[in-house]
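A.B. asks: Build me a model from this:
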Amino acid sequence: MCNRYRLTAKQAEVAATFGIRTPYEVEETFPIGDIFPTGKKTPFYGAVVVQDGDDRRLERMEWGVPTQVPSKRDPTVKLTKYVTNVRNLSSSFWRSMLTTPARRCLVPVTSFSEYGLAPGEDGKKPLHWFDVPSRPVFAFAGIWRPTVLIPREAAPSFRNDAAPLFRELLAP
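C.D. replies: Presented below is the predicted three-dimensional model:
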């Protein structure tokens, strides 16, 4: 999954879809526009559904699990990179979240995007948007963990096993 999705539903619709009880801001509509990792291209943190005992609640979390990586220009400088896709289930980086059911979440979306496989005439890969007409609000699986810098951040991800499903759709 590329790192762009949309959620354009009211909180009440999201709550009804995922069995979330009040309190929540019924009239709040999530912003129209794209949601990117880390909230840097948009001021909005992604909404996630988390289990809280017997209840579910809607929270906003930053998208991406922060990790420190060396700068390409100066390896002594560490940069914060936000990892958004789980690709290696046996990696120790993900183990604390993957083995703890309380760290699982649902990321509600109304659409998400993928880039095409081949560049267009302008040399750029085209962006394709996908939705589920029979389900105006749907979700992909995510995991989260608390951090020192941010109380919670989400690492929405779905397995790359879904990639073959899109390969035919994205072919030129």
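
A.B. asks: Bridged to residue 61, which residues?
C.D. replies: Applying DSSP bridges to residue 61 gives these bridge partners: residue 46.

A.B. asks: That one and residue 69: what is the separation?
C.D. replies: Computed with C-beta to C-beta, to the nearest Å, the distance linking residue 61 and residue 69 is 21 Å. The C-beta positions use only the backbone N, C-alpha and C, and glycine is treated the same way.

A.B. asks: Which one of those two is surrounded by more residues?
C.D. replies: More neighbours sit around residue 61 than around the other of residue 61 and residue 69, counting by other C-beta atoms under 10 Å; the figures are 23 against 12.

A.B. asks: which residues of the protein score low on pLDDT?
C.D. replies: Across the chain, residues meeting the criterion (pLDDT under 70) sit at 1-2, 22-33, 36-44, 147-172.

A.B. asks: ok, residue 120 - how many residues close by?
C.D. replies: Residue neighbour count, defined by other C-beta under 10 Å, stands at 10 for residue 120.

A.B. asks: going forward, begin numbering at 591 instead of 1
C.D. replies: Fine by me, first position is 591 from now on; the one you just mentioned is residue 710.

A.B. asks: Was I right to think it contacts residue 718?
C.D. replies: No: in this structure residue 710 lies outside contact range of residue 718 using C-beta atoms under 8 Å: 11.4 Å.
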